[in-house]
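>>> Give me a model of this one.
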Amino acid sequence: MSTETAQGAGTAAGTPAPPAGPGLRQGLQRRHMRLIALGGVIGAGLFVGSGVVVRSAGPAAVLSFLAAGTLTVLIMRMLAEMTVARPAQGSFYVHVRETLGPRAGFAVGWLYWYFFVIVVAVEAVAGGRIVRLWLPGAPLWAVSLVLMALLTATNMVSARSYGEFEYWFSSVKVVAIVVFLFLGALYLLGLWPGAHGGGPAQLTAHGGFAPHGVGAVLAAVVPCVGFFTGAEIVTIAAAESMEPERAVARAIRSIVLRVVAFYVLSVFVVVAVVPWTSRAVEVSPYAAVLERLAVPAAGTVMNAIVLIAVLSCLNSALYTSSRMLFALTRNGDAPRGFTRLSASGVPRRALLAGTSVGYLSVIAAWISPDVVFRFLINSYGAIALFVYLAIAVAQVRMRRRLERAAPERLTLKMWLFPWLSWVTVGLMAAVIGAMAVLPDSRAQFWLSLLTLAVVLAAYEIRRRVRRS
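Sure, this is the predicted structure:
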């Protein structure tokens, strides 16, 4: 006999929904939520991709990360206000649907799902490449599929299983950043053996603080915003937390510290210790610092940490895509078959749907890396920014409604509303607009816009079929 049961649809728009849908188990504890929040913004992009930003903006990349981090903090504060005031399975998908309409909700939900199923493939391929450094004879496609299968299996068990793995993955990432900052501080203070050549002077020693001008610093904000994607996962996981509202409130309040410590300070250490013109900075900035400090086996250590970061992103992408697809079913925006849950409360069909797309994408990376896989990567590049813009607009709408109908639910508020909310909307729109004109991101913008067009067309087809 099957252990799965069909679940009902969600609550009507505008009424407070329970934090978890029928059948979902609140298995995530406070410690899980804390580390999901802490580790959510620490991806492989921080350890590797930040080097590209440093090479494009010079030492002033610190300001690019600070600007992008500030924008992310504002978006997350807006999301937190909505999540605490009205907890819902699906988080911002539900909020956007109720404030901006079913078309916008459909688009946001499916775009976010698509974003994370592509992340599954990207991270699986990235993890496979790292593993092949130690197992050079293993086929990349096989290693990638094994990594994906292992983490799919852990997610199939229960939400607690996901939370436990993410707890330890995030713990390693956080400890790695803390140790890195500690060692960098010792070097910059002259307390590290053989410390020389680093410090504030390094920030202006190779062409100045902003060698490519202010324009390059502003342009670098665009990829930096992408590095922070994942901070919102905690609001989705909150639906399976024992303390959803408190968990989200605590996570968002701590995001400022995380942004400053994990990104801004660590990038500062990189540009203050190693010349930004060094090729090693572009390839692996954190490994370049460890090599300058003569840390034994620096490359191997960083490869291991990056692999942990990749596995963490893969784990979270599998979890997030399945929960978003499950949430889409509750309003009829996805096939009802995905509402079925296992005895442990896991939407296994939704999980396998995302995994299947990930498998196909990994195969595409093997068969056609320069055409199909590159298209997939570019087609999701701006999607998270589209979602963030929708979140910002939805917050303005929901805040107006709550102030009129249920002001007592506004226990956590956006700062300086409505002015700062509109500034955030404008800044996010500016970042998206910059993607459309900057040479390095233009292809991602237009292909992501094509993805949006396909999703909106799917909504219209679905609407007309229902009417007929």
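>>> alpha carbons only for contacts and neighbour counts from here, please
OK.
>>> Let me see the contact set for Leu79.
92, 232, 391-392, 395 (CA atoms under 8 Å, 6 or more residues apart in numbering).
>>> farthest pair in those residues?
Largest separation among the contacts of Leu79 by CA to CA: Glu232 and Gln395, giving 14.3 Å.
>>> quick one, which of these two is more surrounded?
Higher neighbour count among Glu232 and Gln395: Gln395, with 29 against 24, using other CA atoms under 10 Å.
>>> Ile236 versus the more buried one, what's the distance?
16 Å (CA to CA, to the nearest Å).
>>> Look up how far Arg409 lies from Ala205.
Distance check for Ala205 against Arg409: by CA to CA, it reads 53 Å.
>>> Counting neighbours, go ahead and name the busier of these two.
Between Ala205 and Arg409, counting by other CA under 10 Å, Arg409 is the more crowded of the two (16 against 12).
>>> Now do the contacts for that one.
Counting by CA under 8 Å, 6+ apart, Arg409 has contacts 84-86, 402.
>>> Would you list the phi and psi of Leu341?
Per-residue torsions, Leu341: phi -120, psi 150 (degrees, to the nearest 10).
>>> Report the beta-bridge partners for it.
Beta-bridge pairing for Leu341 (DSSP bridges): Thr5.
>>> That one reaches Ala350, doesn't it?
No. Leu341 is beyond contact range of Ala350, at 9.1 Å (criterion: CA atoms under 8 Å).
>>> Settle it for me: which of the two has more neighbours?
With other CA under 10 Å as the criterion, Leu341 and Ala350 differ in neighbour count, and Ala350 comes out ahead with 26 against 22.
>>> neighbouring contacts of the helix or strand hosting the more buried one?
Here Ala350, judged by DSSP states H and E, is contained in helix 348-367. With CA under 8 Å, 6+ apart as the test, helix 348-367 has contacts from 117-118, 120-122, 124-125, 140-141, 144-145, 148, 152, 155-156, 318-319, 321-323, 325-326, 337-342, 372-373, 376.
>>> Okay, now the unreliable bits of the stretch 151-300 of the chain?
Within the stretch 151-300 of the chain, the ranges that satisfy pLDDT under 70 run 195-198, 256.
>>> Equivalent analysis for the stretch 301-450 of the chain, please.
Counting by pLDDT under 70, the stretch 301-450 of the chain contains no low-confidence range.
>>> Please, where are all the helices along it?
Taking DSSP state H, counting those that start in this stretch as the criterion, the stretch 301-450 of the chain carries its helices at 348-367, 372-379, 383-405, 419-437, 442-467.
>>> Just the angle for the helix holding Ala350 relative to helix 372-379, thanks.
Computed by axes from the mean of the first three to the mean of the last three CA atoms, to 10 degrees, the angle separating helix 348-367 from helix 372-379 equals 120 degrees.
>>> Quick check: buried residues in helix 348-367?
Neighbour-count burial for helix 348-367, counted by 16 or more other CA atoms under 10 Å, picks out 348-355, 357-359, 361-366.
>>> Then stretch 446-460?
For stretch 446-460, by 16+ other CA under 10 Å, it's 446-449, 451-452, 455-456, 459.
>>> I'd like the distance from it to the chain centre, please.
When C-alpha coordinates are averaged (CA atoms, centre = their mean, to the nearest Å), stretch 446-460 and its chain have centres 21 Å apart.
>>> just stretch 336-352 next, same as before
How far stretch 336-352 lies from its chain's middle: 23 Å, per CA atoms, centre = their mean.
>>> tell me how far the ends of that stretch are from each other?
Length of stretch 336-352, first residue to last, CA to CA: 15 Å.
>>> Does Ile42 belong to a helix, a strand or coil?
The three-state assignment at Ile42 reads coil, by DSSP: H, G, I helix; E, B strand; the rest coil.
>>> what's the burial count for it?
Look at Ile42: counted by other CA under 10 Å, it has 27 neighbours.
>>> And it, how far from Val120?
Separation of Ile42 from Val120 (CA to CA): 16 Å.
>>> what's the answer for Tyr388, then?
20 Å.
>>> So which of those two has more stuff around it?
Neighbours per residue (other CA under 10 Å) separate Tyr388 from Val120, with Val120 holding more: 29 against 24.
>>> For that one, give me its contacts.
Neighbour list for Val120: 148, 313-314, 317-318, 355, 358 [criterion: CA under 8 Å, 6+ apart].
>>> quick revisit: tell me the one of the contacts of Leu79 nearest Ala251?
Nearest to Ala251 among the contacts of Leu79: Glu232, at 9.8 Å, using CA to CA.
>>> so what's that closest one closest to, chain neighbours aside?
Distances taken as CA to CA, 6 or more residues apart in numbering place Met76 nearest to Glu232, at 6.8 Å, with adjacent residues excluded.
>>> Any idea how many residues pack against Phe326?
Phe326: 30 surrounding residues under other CA under 10 Å.
>>> Pretty sure it sits against Pro347.
Yes. Between Phe326 and Pro347 there is a contact at 6.7 Å, judged by CA under 8 Å.
>>> Which neighbours do these two have in common?
Here Phe326 and Pro347 share the contacting residues 338-339, scored by CA under 8 Å, 6+ apart.
>>> coming back round to it: ok, the residue nearest to Glu232 - contacts?
Applying CA under 8 Å, 6+ apart, the residues contacting Met76 are 231-232, 252.
>>> Which helix or strand contains it?
Per DSSP H and E, Met76 falls inside helix 61-85.
>>> helix/strand/coil for the most centrally placed residue in the chain?
Centroid check for the chain by CA atoms, centre = their mean gives Gly230 as the closest residue, at 2.1 Å. Judged by three-state DSSP, the three-state class of Gly230 is coil.
>>> do you know how far it is from Gly39?
Taking CA to CA as the measure, Gly230 and Gly39 are separated by 9 Å.
>>> how close does the nearest residue to Arg129 once chain neighbours are set aside sit to Ala126?
Leaving aside its sequence neighbours, Arg129 sits nearest to Leu140 (CA to CA, 6+ apart; 6.5 Å). Distance check for Leu140 against Ala126: by CA to CA, it reads 9 Å.
>>> Looking at the two, which has the bigger crowd around it?
When Leu140 and Ala126 are compared on other CA under 10 Å, the one with more neighbours turns out to be Leu140, at 24 against 19.
>>> for that one, what are its contacts?
Taking CA under 8 Å, 6+ apart, we find Leu140 in contact with 125, 128-129, 132, 366.
>>> Can you add distance to Ala297 and secondary structure and give the residues you listed back as a markdown table?
Formatted as a markdown table, the contacts of Leu140 follow (distance: CA to CA, whole Å; DSSP: H, G, I helix; E, B strand; the rest coil):
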| residue | distance to Ala297 | secondary structure |
| --- | --- | --- |
| Val125 | 24 | helix |
| Gly128 | 21 | helix |
| Arg129 | 19 | helix |
| Arg132 | 17 | helix |
| Trp366 | 31 | helix |
